[in-house]
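Asks: Here you go, sequence then predicted model.
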Amino acid sequence: MEEAIKQKSLAREEITETIEVTAVKTPFSDLDEDVQLAIYSAAEKKAVDIVALDLRKITSFAEFFVIASGTNQRQVQAISDEISEQLKKQLKKTAIRIEGYVG
């Protein structure tokens, strides 16, 4: 009996569904005001490879992901601080979650 349970738990289900992802570039002017501000703030702190992913049609937990890179940990924290500060100062909003920040 134990052997049958092990075999069953190791069996993989076949996945027959495929998800097609298409890249559609949205003009900067069509993005929400807070997303534009986050991108602008990141650029002001010399962030590289800035990308905003529009997740409104895909998820219910987020509208956008703004992804940006820095050359070192200090710069990444400065980018994060600038985005948070500007969102709070200009729009009275706060980011729900920030990844890559040690503070």
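Replies: Thanks, I have the structure now. Residues are numbered from 1 along each chain as shown.
Asks: What is the neighbour count of A42?
Replies: 24 (other CB atoms under 10 Å). C-betas here are computed from N, CA, C, even on glycine.
Asks: That one touches S84, doesn't it?
Replies: No. Using CB atoms under 8 Å as the test, A42 is too far from S84 to be in contact (11.1 Å).
Asks: Sketch out the low-pLDDT regions of this protein for me.
Replies: The chain contains residues with pLDDT under 70 at 1-13, 15, 19, 21, 100-103.
Asks: Quick check, central residue of it?
Replies: Nearest residue to the geometric centre of the chain (CA atoms, centre = their mean): F65, 2.9 Å.
Asks: Contacts only, for that residue.
Replies: Neighbouring residues of F65 by CB atoms under 8 Å, 6 or more residues apart in numbering: 52-53, 55.
Asks: With respect to A95, which of those residues is nearest?
Replies: For these, the closest approach to A95 (CB to CB) belongs to A52, at 13.3 Å.
Asks: Is it correct that that closest one falls within a strand?
Replies: Yes. Assigned with DSSP: H, G, I helix; E, B strand; the rest coil, A52 falls within a strand.
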